[in-house]
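Trainee: missing the sequence, but the structure's below:
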């Protein structure tokens, strides 16, 4: 039963550990997917992006700088045919650097530039432009795949043409959405960890003006690899440890099983050998046939109640089984004598304890094998033999055998008397507590009798 409980407990521990590791793995997957589904949205004033080192937002996960290159290109924009010939607009090339400052990949992003002033968009590269213009109270929306190949006839945008060059006319409130390219030529997306990309625009702004009041909005999502999630590695480590532990447990269990089988086989051989030997002893007196085995059984029950288990319990059983081995040297005429023994004959009977201890002194594989044989006739009050020991000076195994041996003697027919009644046996054990018997052991025997774990034969 204990082995079954141990196996069930081990199975619960392994199942619990596996479930914990799988839960960590599942949680890591959920956390990664949840993180990757988040759309981040950052809004900047163009004035804060015009820093040569981008120091204002470098501490963000995604930093953006938009630094215009120095330019001397100018043009005369005569929108209302006023005959303007003096150059009034200057060209700016804006390099917008999007920097990934994390260990995760940016899977996609888009930028929205809302114009606060009138501007003329000439070009853009490495991505498509979704253009939003307001013309005659209506919003015009269309997408240009590549501004460098823009053909005004293909779209309905509000455009102007000067000096043979066509521009998108962006008024305050109009905006463009930059959609990066993932083609092999541009490869603006995805953005690898700790790397960046630099799309750009060319536009004309009135000389002396700037886009500082305009806003740039960037929307992006990360793609975090599952292997970047700490819980994933905790789960992997847990499962590796689980597999190693399971392998070790299986190996150890197999070795223990082989040991137990070998141990049980050895115990069976020892038990059969000892029982065969004690059978010779018991056969000398038909009235006590089976006595050694019964005493060993009672002794084991008492020891088990006292908390002994496993191999120690087996050892106690074998020691008790051999307690009367010294009787092998007692003549049958004395063992079977129906009448009172003479003093000389009694001394011969008493000598079986010393003889038994001597016989078992060479039994080295059974620890303290001779204690039961030598001292099981000692009394708690010191009036026993062969040494007259008292109390706890008598070995514990001998004190247990003393109670078991006396009980069996009272519960069996002998050549010189019939077995005692149940009431008489209980009375004898009770009255001899602290005299012949160790009181605690006697109480255990009485409890076993009351609970019918040891049955008195009243037939």
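Mentor: Received the coordinates, thanks. As the structure is a prediction and not an experimental result, all values here were calculated from the model.
Trainee: What ranges does the stretch 301-450 of the chain have for its helices?
Mentor: Along the stretch 301-450 of the chain, counting by DSSP state H, counting those that start in this stretch, helices occupy 310-321, 332-335, 343-360, 370-375, 396-410, 422-431, 439-450.
Trainee: Only the buried residues of the longest one, if you could.
Mentor: In terms of neighbour count (16 or more other Cβ atoms under 10 Å), helix 343-360 has its buried residues at 345, 348-357, 359-360. Where you see a C-beta, it was placed from the backbone N, CA and C, and this is true even at glycine.
Trainee: Reformat the residues you listed as TSV; add distance to residue 63 and pLDDT.
Mentor: Listed next are the buried residues of helix 343-360 as TSV, based on distance: Cβ to Cβ, whole Å; pLDDT from 0 to 100:
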residue	distance to residue 63	pLDDT
345	110	87
348	107	89
349	104	87
350	102	90
351	102	91
352	99	91
353	96	92
354	97	93
355	98	91
356	94	89
357	92	90
359	93	88
360	89	88
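Trainee: hmm, back to that, any chance of the helices of the stretch 301-450 of the chain in CSV, with distance to residue 16 too?
Mentor: Below are the helices of the stretch 301-450 of the chain laid out as CSV (distance: least, Cβ to Cβ, whole Å):
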stretch, distance to residue 16
helix 310-321, 27
helix 332-335, 62
helix 343-360, 49
helix 370-375, 46
helix 396-410, 41
helix 422-431, 49
helix 439-450, 39
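Trainee: Quickly, which of the ones you listed bottoms out on average pLDDT?
Mentor: For the helices of the stretch 301-450 of the chain, mean pLDDT drops lowest on helix 332-335, to a mean of 81.
Trainee: So which elements touch it?
Mentor: If contacts are counted by 3 or more Cβ pairs under 8 Å, 6 or more residues apart in numbering; DSSP states H and E, helix 332-335 sits against helix 343-360.
Trainee: partner residues bridging residue 161?
Mentor: Counting by DSSP bridges, residue 161 forms beta bridges with residue 166.
Trainee: Quick one: neighbours of the closest residue to residue 41 other than its chain neighbours, just the number.
Mentor: Once flanking residues are discounted, residue 41 sits nearest to residue 219: 5.2 Å by Cβ to Cβ, 6 or more residues apart in numbering. By the measure other Cβ atoms under 10 Å, the count of residues near residue 219 is 15.
Trainee: the strands in the protein, which residues?
Mentor: For the chain, strands defined by DSSP state E occupy the ranges 40-45, 62-68, 74-75, 89-100, 105-114, 119-125, 127-135, 138-144, 159-162, 165-170, 175-180, 196-197, 200-206, 215-223.
Trainee: For the last one, which strands pair with it and how are they oriented?
Mentor: Translated: strand 215-223. Paired strands of strand 215-223, with direction, are strand 40-45 (antiparallel), strand 105-114 (antiparallel) (DSSP bridges).
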